[in-house]
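> Give me a 3D structure for the following:
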Amino acid sequence: MENGEILIVGGYGHVGSQIAARLQAAATAPVRIAGRDTDRLAAAATRLGCQSVQLDLGAPDTWPKALDKAGCVVVCVDQTDTGFAAAVLERGLVYLDITADDDFFRRIEHLEGLARAKGGRAVLSVGLAPGLTNLLVKAAAAELDTIERARIGILLGIGDAHGPAAIDWTLHNFKKTRPGTIEHLPFGDPPRQYPVLPFDFADQHVLRRTLKIADVQTFMTFDTPLLSRVMFAVLRRVAASAMLTRLFKALTPYARLGSDRTALSVEVHGTKAGQRIVRRMKMEGRKEARITALIAAMVVEHVLRHDIAPGVHHIEQILSIDMLTPHIPDDAGITFEI
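Got it, this is the predicted structure:
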């Protein structure tokens, strides 16, 4: 177990504050939130009942004071380089990051040698997607003798509350989508076919490296089949226009067109005893950010309570869905189905 505080960078943000609240309630270790905005920092610390410290990821001179008492650092804001992660691992601390950017993951993976030499541990892919999606693919693949391909479907509720960073990331990736690439995956119980759009979630890239599955593809959809088709067209147009992007971001906090439903649908195709098999796993829940915060907090607790080897890991390399689900609170409203 690590000694020291749990430092949450961006702990006053949409997801970071929820992670802080869960870890504060769990009392695994003292929680301290960090960020640039001193007013928001003070208000959030008072609300959460925890300590705070100013930290600017762009100003390395603010790092030592923030890290002095830390044993585990959770980063909930996007970064442009790995300098801060390297500083955390240099001290032999635990580093977790809720980013969904595979380019950044690859750069963190290059710190493997540093982490091993200094006894630091980094854990990536700690949310809904990547995160739970990685674990569902791992579980389905474990039942097969050979694996041909994996398909990951992610359903997000239009009526859910999404933070500014999540909206920016989604619109940025909609610029990469192409008309005419819609496929279908089943969601719900009984299963219903939804139109899904190939989307650049990090899980598909990570699983090719960690589980050695050559063909992994991730898709996204929304609340209902009809709403999905409408939103695919709308968001492509919004993403292509700076003016529409500004308008969309301004209106999003006040517009609730759908529900806060979140669902996953995973298919792994392969063979078992010489026969072709498709293993399907599903998850249903509410509020994507709440689920991401729950998984991140659970990973923090797992790493602090178990002997995880120094190095850089993704969630599926240190956990399984069977290890995680018994500890998911009943009031989380998350259900799984095979």
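
> So which residue is dead centre in the protein?
residue 127 (2.8 Å; Cα atoms, centre = their mean).

> Who does that residue form a beta bridge with?
Beta-bridge pairing for residue 127 (DSSP bridges): residue 131.

> burial of residue 43, as a residue count?
13 (other Cβ atoms under 10 Å). No exception for glycine: its C-beta is placed from N, CA and C like everyone else's.

> tell me the secondary structure for it?
Put simply, residue 43 is helix when judged by DSSP: H, G, I helix; E, B strand; the rest coil.

> quick one: it and residue 11 touch, right?
No: between residue 43 and residue 11 there is no contact under Cβ atoms under 8 Å: 11.5 Å.

> where do the contact lists of the two overlap?
When Cβ atoms under 8 Å, 6 or more residues apart in numbering defines a contact, no residue borders residue 43 and residue 11 alike.

> My understanding was that the residue nearest to the centre of the chain contacts residue 97; is that so?
No: Residue 127 lies out of contact with residue 97 (Cβ under 8 Å); the separation is 9.8 Å.

> Identify the residue nearest residue 165 in space, chain neighbours excluded?
Nearest residue to residue 165, sequence neighbours excluded (Cβ to Cβ, 6 or more residues apart in numbering): residue 78, at 6.1 Å.

> the bottom helix or strand of the chain by mean pLDDT?
Each helix and strand of the chain was given a mean pLDDT (mean pLDDT, DSSP states H and E); the minimum falls on helix 164-174 at a mean of 75.

> Pull the residues that contact the following helix or strand past it.
Scanning forward in sequence from helix 164-174 by DSSP states H and E, the next helix or strand is strand 183-187. Applying Cβ under 8 Å, 6+ apart, the contact partners of strand 183-187 are 151, 153, 155, 192-196, 198, 219, 221, 263, 265, 267, 280, 282.

> Show me which of those residues are buried.
151, 153, 155, 194-196, 198, 219, 221, 263, 265, 267, 280, 282 (16 or more other Cβ atoms under 10 Å).

> helices or strands up against the helix or strand harbouring residue 268?
Under the criterion of DSSP H and E, residue 268 resides in strand 261-272. Here strand 261-272 touches helix 132-142, strand 146-156, strand 183-187, strand 275-286, going by 3 or more Cβ pairs under 8 Å, 6 or more residues apart in numbering; DSSP states H and E.

> repeat that with 10 Å
For strand 261-272, the elements it packs on are helix 132-142, strand 146-156, strand 183-187, strand 192-198, strand 216-221, strand 275-286, helix 288-305, strand 335-337, judged by 3 or more Cβ pairs under 10 Å, 6 or more residues apart in numbering; DSSP states H and E.

> can you give me the offset of the first one from its chain's centre?
This means helix 132-142. Distance of helix 132-142 from the chain centroid (Cα atoms, centre = their mean, to the nearest Å) equals 15 Å.

> mind checking the end-to-end distance for stretch 44-53?
Start and end residues of stretch 44-53 are separated by 11 Å (Cα to Cα, to the nearest Å).

> Now the common contact residues for residue 127 and residue 97.
Counting by Cβ atoms under 10 Å, 6 or more residues apart in numbering, the shared contacts of residue 127 and residue 97 are residue 296.

> for residue 85, what are its contacts?
Counted by Cβ under 10 Å, 6+ apart, residue 85 has contacts 57, 73, 75, 79, 95, 97, 104, 107-108, 111, 114-115, 120, 122, 124, 312.

> Just the buried subset of the residues you listed, please.
57, 73, 75, 79, 95, 97, 104, 108, 111, 114-115, 120, 122, 124, 312.

> close enough to count as contact, the residue nearest to residue 165 and residue 10?
Yes: Residue 78 is within contact range of residue 10, at 9.1 Å (criterion: Cβ atoms under 10 Å).

> So for the two, which residue has more residues nearby?
Using other Cβ under 10 Å, the more surrounded residue of residue 78 and residue 10 is residue 10, with 25 against 16.

> Look up the pLDDT of the more buried one for me, please.
Predicted confidence (pLDDT) for residue 10: 94.

> Phi, psi for it please.
In terms of degrees, to the nearest 10, the main-chain angles of residue 10 are phi 80, psi 30.

> Tell me which stretches of the stretch 1-150 of the chain form helices.
Assigned by DSSP state H, counting those that start in this stretch, the stretch 1-150 of the chain shows helices spanning 16-26, 38-48, 63-67, 83-90, 102-109, 112-118, 132-142.

> Packed most tightly, which of those helices would that be?
Scoring these by mean neighbour count under mean count of other Cβ atoms under 10 Å gives helix 132-142 as the most buried, with a mean of 25.
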